[in-house]
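Asker: Provide a 3D model corresponding to the input given below.
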Amino acid sequence: MSTDTYLAVFLGSKTSPKWAAWNAMPEAERKAKEQAGIAGWKGWVEKHQGAIQAMGGPLGKTKQVDGKGIADIANEMGAFTVVRAASHEAAAKMFENHPHFAIFPGERVEIMPVLPIPGG
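Answerer: Next comes the predicted model:
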């Protein structure tokens, strides 16, 4: 059984209906949900600690660099983590019902294999 490395990117739009509902919650209710989300996330980490290769973390504002120079842009990436799993499917299953979207207003987690550098 082979074990490979996978990058998981947590995504969600700050302009989505989920974020609008989150921001519209009374502060006490939102704080309670935040606490439940953090507890859920800690539980997820504990359950999968043997597979987590790099904890990663939240992502800040984005700068794009291209042939025109440097610009501030917005994207949907909110956080990342790196896991090891026996297959792409097994890696994806780790994120089913993740607090990112089950409790917090995140929308999805995208999981992709980290491939070797060609000719490397």
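Asker: burial of residue 18, as a residue count?
Answerer: Residues lying near residue 18 (other CB atoms under 10 Å) number 15. The way it works is simple: take the backbone N, C-alpha and C, and place the C-beta from them, glycine included.
Asker: Could you do residue 77 as well?
Answerer: Residues lying near residue 77 (other CB under 10 Å) number 14.
Asker: Please apply the same query to residue 80.
Answerer: Counted with other CB under 10 Å, residue 80 comes out at 18.
Asker: Where does it sit: helix, strand or coil?
Answerer: strand (DSSP: H, G, I helix; E, B strand; the rest coil).
Asker: Assign a three-state SS to the nearest residue to it once chain neighbours are set aside, would you?
Answerer: Leaving out its chain neighbours, the residue that sits closest to residue 80 by CB to CB, 6 or more residues apart in numbering is residue 56, at 4.1 Å. The local conformation at residue 56, judged by three-state DSSP, is strand.
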